[in-house]
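> Whatever this is, show me its structure:
(2 chains)
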Amino acid sequence: MSYQGGEFDVIVIGAGHAGVEAGLASARMGAKTLMLTLNLDAIAYMPCNPSVGGPAKGIVVREIDALGGEMAKNIDKTHIQMRMLNTGKGPAVRALRAQADKFLYQHEMKKTIEETENLLLRQGMVEGLVVEGDTVTGVVTQTGTEYKAKAVIITTGTYLRGKIILGDLAYESGPNNQQPSVNLSYNLKDLGFEMVRFKTGTPPRVNSQTIDYSKTEIQPGDDVPRAFSYETTKYITDQLPCWLTYTNDETHEIINSNLDRAPMYSGIIEGTGPRYCPSIEDKVVRFNDKPRHQIFLEPEGRNTQEVYVQGLSTSMPEDVQHRILSTIPGLENVRMMRAGYAIEYDSIVPTQLWPSLETKKISGLFTAGQINGTSGYEEAAGQGLIAGINAARKVQNKEPVILDRSEAYIGVLIDDLVTKGTNEPYRLLTSRAEYRLLLRHDNADLRLTDIGYDINLISEERYKKYLEKKEAIDTEINRLKNTMIKPSEAKELFEEIGSPLKEAATATLLLKRPEIKYEHIEKIAPPETNLDSDVTEQVEIHVKYEGYISKQLDQVQKMKKMENKKLPEDLDYMAINGLAMEAKQKLAEVRPLSVAQASRVSGVNPADVSVLLVYLEQGKLKKINS
Amino acid sequence: MEMDTIAAISTPMGEGAIAIIRVSGEDAIQIGDNIYKGKKKLTEVESHTINYGHIIDPMSGDIIEEVMVSVLLAPRTFTKENMIEINCHGGLVSVNKILQLVLGQGARLAEPGEFTKRAFLNGRIDLSQAEGVMDLIRAKTDKAMNVAMSQIEGKLSIRIQKLRQELLETVAHVEVNIDYPEYDAEEMTLGILKEKAEIVNKGIDKLLATAQQGKILREGLSTVIIGRPNVGKSSLLNSLVHDNKAIVTDIPGTTRDVIEEYVNVRGVPLRLLDTAGIRETEDIVEKLGVERSRKVVLDSELVLLVLNNNEELTSADEELFQISDGRDRIIIINKTDLPQKINLNLVKELAIDQPIVTTSLLKDEGVDELEEAIKQLFFGGGLESEDLTYVSNSRHISLLNQAKTAVNDALGAIEVGMPVDVIQIDITKAWELLGEVIGDSVHESLIDQLFSQFCLGK
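Okay, here's the model as predicted:
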């Protein structure tokens, strides 16, 4: 029996890290939103590592916050530890990482969703999409309920035709024995989507009471209170440490002698796994000269004894997992609570998407997160946010929001996916960003708050604060430019720092010296009113790295010119004579929206780009002629 | 990308009477001014005028060429952009030199057909010509690709790949420190980074040196004959010129009173400098001869120092040794038809390891040995002959120079204590530029390197 479940502007399938951001953004932008998920107890569930952030990913979390998303706020409320990474390196690569209380994280997110206006949360499994012509008009669930919608966002994570593999055991399942979503995958195939099979894995969890921590090294959080969100004012000071230990020869021997039982090598696993997240068996085989591998012990929360054994992702049989664990210092007598496993799942080939994350095939249908071939909570959340924003805007007849590669890591991520595709689960790395000196942890608000405000996801109050901060930064930079410091004014200070001052210089010039910090300048030539540390941090970075920043800005200018040369969506590349065959095929598949995007498609060379430019001009002329 | 200023030699390569270097783009006129000295600045003259002046090397202040420069302001130009056309005397040397100066001022070497493309994009050419333009771009690029391919088949690509691999491992190492800060990989320190950057810097220098060899093949090894009056310089010159068909004779240098002659000695093209001087100084006073020699030696890559077998070494001879020290040099002891009065041991001492050839130019003896010595010096000195084709085109040289600049920027940043990840930006840039030389700059290979070099993951 089918019955009508109601009409919505936007339906989100799934409530993982992509789904929750999509649903919240869409509802907050005023679209009547339905969020359907298999299990209301698995909202914002972390099936793998209990942490959020880290290099590149942490910057994504900050970007999500600047655009009005939820991940940053939610982890600020529920972490057990926070650390700023790469503090010894330059500002561009600093990144915050939090260890999450994964249970609290879920509860807090569910609470936020429940309290959000325009957002209806409902348990149910979507079996298929309702499509009229080439436009999506709704979804049908397992129970036969049909919900109508103007836009649908699919965020199925690893649930899509999921299959768990543990030793010689393999069964259909979502992560952690959740129900898999099977029929939706077949439905997508029937609708003509090209699908691929990916694989990922997770390590065993062990009981904290059975760990001998004295044989491990402590990894505490930072003493300084930290937060991801620009709006967080309450900091958690009671932190829990993580612990570091190592594998050894004995561990590796057990793994080597049981390789015939490893599904990775016995052929049971068909999906492509990520190189950056290899299983321990993979590490031991590929890097057999490495005498030991790091193992981090990470608590899964405050009210649980479960500890995540980072570095030991595996799909070896359960008995081998027990034996592997017992070889590791500190874990000799450990009791395993959950075994590690590998999971295979279906994703769609992401070049089938526009940069808005709407599918090219079906109007109104968006996809976000692991279904697009990524891995990681942060990558998922970033896409979810953009899909939610663009679904709502589509319903409201507005242009999609597309972040470019110089604006945000989220822009890099989506551009990579839709332009180049991926042949393994895609993880963000700082090296993927060509303008990373611009895409910093510390300036995410300066890059994106304007956009967040324009799309109504940033409050007036917050926007006002942001404008004040911006103004304060500019004023201070100008003041430093116009402040002369004479040697007599600060002789001792400069000698103390080992940076003697011979003649008068502007404060800006002095701040450029590596050994001089803003706090030194502040002492000699204080500003009228005391400035916030996040203002002075910007001033210091701006002055110190000015040369490099302006070099990157020049490159961005060049890129933008090509970005502004728009290509029609329906361009018939096969009919363009000058293009090489490979370029024709690739361009016809990707259908880039600008010449810049076209130039990033693999197989398109500079000559092809020239031809496109000529063609563009020709098209214009034709229109003029007719 | 598209609006930047481009430059190219617009006349056929070869030995035309004049050559034209064309520059187009917003900065064309300013770039011209940076290397031009005339009555008025080019930025101050009227559009569509032709202006007499000189091209000056802005680094050394040296006068390079006497030129006529056309200044053409947008939009009434071929490309509808600002343009200058530098008309200079034909001859590869000066034309290439001027082009390099223009590129050094920020212009980019034009791609095949790019002037025409711009003319089209800016609406200068009508629709019917559009297809032709595309064909042109396609064809010229394919041709350039073929040429490039034949070049990269060889050792150039191997050498560049080696340098790139060095950089790539360094970059991957820095990246792993950034993306996996807790991973137990050795931290890439400024010290290691500096070491690596210096290795690559040297590698690029070596490649550029082979570029120099390639250049010699095209332009000739600048060679000077020095010696006291009456030792036989003139005979030597005549012998070289008559024995070997002169490739080009009597190209008057316009700004220096040097006359150059080209001869091909056993595959080594020699550009003989100051041949007029040789002929004149035979009868000028000795001091003047040495002074003059000192000047020409500065411009030369090979010195042929002629001594008289029939006389003792004089202080002037020793002075000539002194002024030509440190250059590739062949010592010629002439007039073996006359009794030996010269102290051979002393000559050997002064020559150190450099070749000494004895000749009787009068009797046409020893010339073969001399020619063999020249050949040996050029092809023998650790450089295999196929190496000579390494880097020959301006695009490659310009890319290598840019890569070198990037490496030097990195070294500079290391010096002032910039953080590793910032220095990385320059290193990555160098890696990409080297990749462009061999047509390979795929970013993904960095990530491949990252995961094959390090064992990462959770």
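> rest of the way, CA atoms for contacts and neighbours
Noted.
> So the closest residue to residue B:88 other than its chain neighbours: helix, strand or coil?
Leaving aside its sequence neighbours, residue B:88 sits nearest to residue B:67 (CA to CA, 6 or more residues apart in numbering or on different chains; 4.8 Å). With DSSP: H, G, I helix; E, B strand; the rest coil as the basis, the three-state label of residue B:67 is strand.
> what sits against residue B:67?
Residues in contact with residue B:67 (CA atoms under 8 Å, 6 or more residues apart in numbering or on different chains) are B:52-55, B:86-89.
> now residue B:205
Counting by CA under 8 Å, 6+ apart, residue B:205 touches residue B:404.
> what's the offset of stretch A:167-187 from the middle of its chain?
In terms of CA atoms, centre = their mean, to the nearest Å, the centre of stretch A:167-187 is found 24 Å from the chain centre.
> Actually, stretch A:320-331.
32 Å.
> repeat for stretch A:60-80
That offset, for stretch A:60-80, works out to 11 Å (CA atoms, centre = their mean).
> Report the rounded mean pLDDT for that stretch.
Averaged over stretch A:60-80, pLDDT sits at 98.
> And the strands in the stretch 151-300 of chain B, which stretches?
Per DSSP state E, counting those that start in this stretch, the stretch 151-300 of chain B carries strands over the ranges B:221-227, B:251-252, B:259-265, B:268-272.
> weakest of those by average pLDDT?
Looking at the strands of the stretch 151-300 of chain B, the lowest mean pLDDT belongs to strand B:251-252 (a mean of 34).
> Correct me if wrong: residue A:606 contacts residue A:599.
Yes: when contacts are counted by CA atoms under 8 Å, residue A:606 is listed as touching residue A:599 (7.2 Å).
> More neighbours: those two, which one.
Legend: neighbour count by other CA atoms under 10 Å in any protein chain shown for residue A:606 and residue A:599, higher for residue A:599 (23 against 12).
> Can you classify the more buried one as helix, strand or coil?
With three-state DSSP as the basis, residue A:599 sits in helix.
> from memory it sits against residue A:607, does it?
No: contact criterion CA under 8 Å: residue A:599 and residue A:607 do not qualify, at 9.9 Å.
> Give me the below-cutoff pLDDT ranges for the stretch 151-300 of chain A.
For the stretch 151-300 of chain A, applying pLDDT under 70 flags no range at all.
> Chain B contacts on that one?
Contacts of the stretch 151-300 of chain A with chain B, taken as CA under 8 Å from any CA of the partner chain, map to A:275-279, A:283, A:287, A:294.
> Can I have the buried ones of those residues as a ChimeraX selection?
In ChimeraX, a selection of the buried entries from these looks like this (16 or more other CA atoms under 10 Å in any protein chain shown):
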select /A:275,276,277,278,279,283,287,294
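> Just send the residues of the stretch 151-300 of chain A next to chain B back as JSON lines, with secondary structure too.
Listed next are those as JSON lines, based on three-state DSSP:
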{"residue": "A:275", "secondary structure": "coil"}
{"residue": "A:276", "secondary structure": "coil"}
{"residue": "A:277", "secondary structure": "coil"}
{"residue": "A:278", "secondary structure": "coil"}
{"residue": "A:279", "secondary structure": "coil"}
{"residue": "A:283", "secondary structure": "helix"}
{"residue": "A:287", "secondary structure": "coil"}
{"residue": "A:294", "secondary structure": "strand"}
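> In contact with residue A:72: list those residues for me.
Going by CA under 8 Å, 6+ apart, residue A:72 touches A:61-62, A:64-65, A:227-229.
> would residue A:418 count as being in a helix?
Yes: with three-state DSSP as the criterion, residue A:418 is part of a helix.
> State the pLDDT value of it.
97.
> If you drop the residues flanking it in sequence, what lies closest to it?
residue A:351 (4.3 Å).
> what's around the one you found, how many residues?
Neighbours of residue A:351 (other CA under 10 Å): 25.
> Need the three-state assignment for it.
Under three-state DSSP, residue A:351 comes out as helix.
> who touches it in this structure?
With CA under 8 Å, 6+ apart, residue A:351 has these contacts: A:417-421, A:589-590.
> sec struct for residue B:64, please.
strand.
> Please list all residues in contact with residue A:534.
Listed by CA under 8 Å, 6+ apart, the contact set of residue A:534 reads residue A:442.
> Output the top helix by length along chain A as CSV - backbone C-alpha positions only.
Counting by DSSP state H, the longest helix found in chain A is helix A:460-481. Coordinates of each C-alpha in helix A:460-481 appear next as CSV, following Å, rounded to 0.1, in the frame of the first residue of the first chain:
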residue,chain,number,x,y,z
GLU,A,460,23.1,39.9,11.9
GLU,A,461,24.8,40.0,15.2
ARG,A,462,27.6,37.7,14.1
TYR,A,463,28.0,39.6,10.8
LYS,A,464,28.3,42.9,12.7
LYS,A,465,31.1,41.4,14.8
TYR,A,466,32.8,40.1,11.7
LEU,A,467,32.8,43.5,10.1
GLU,A,468,34.2,45.1,13.2
LYS,A,469,37.0,42.5,13.2
LYS,A,470,37.8,43.2,9.6
GLU,A,471,37.9,46.9,10.2
ALA,A,472,40.1,46.5,13.2
ILE,A,473,42.6,44.4,11.2
ASP,A,474,42.8,47.0,8.3
THR,A,475,43.2,49.9,10.8
GLU,A,476,46.0,48.2,12.6
ILE,A,477,47.9,47.2,9.4
ASN,A,478,47.6,50.8,8.3
ARG,A,479,48.8,52.1,11.6
LEU,A,480,51.9,49.8,11.6
LYS,A,481,52.7,51.0,8.1
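> I am finished for the moment; much appreciated.
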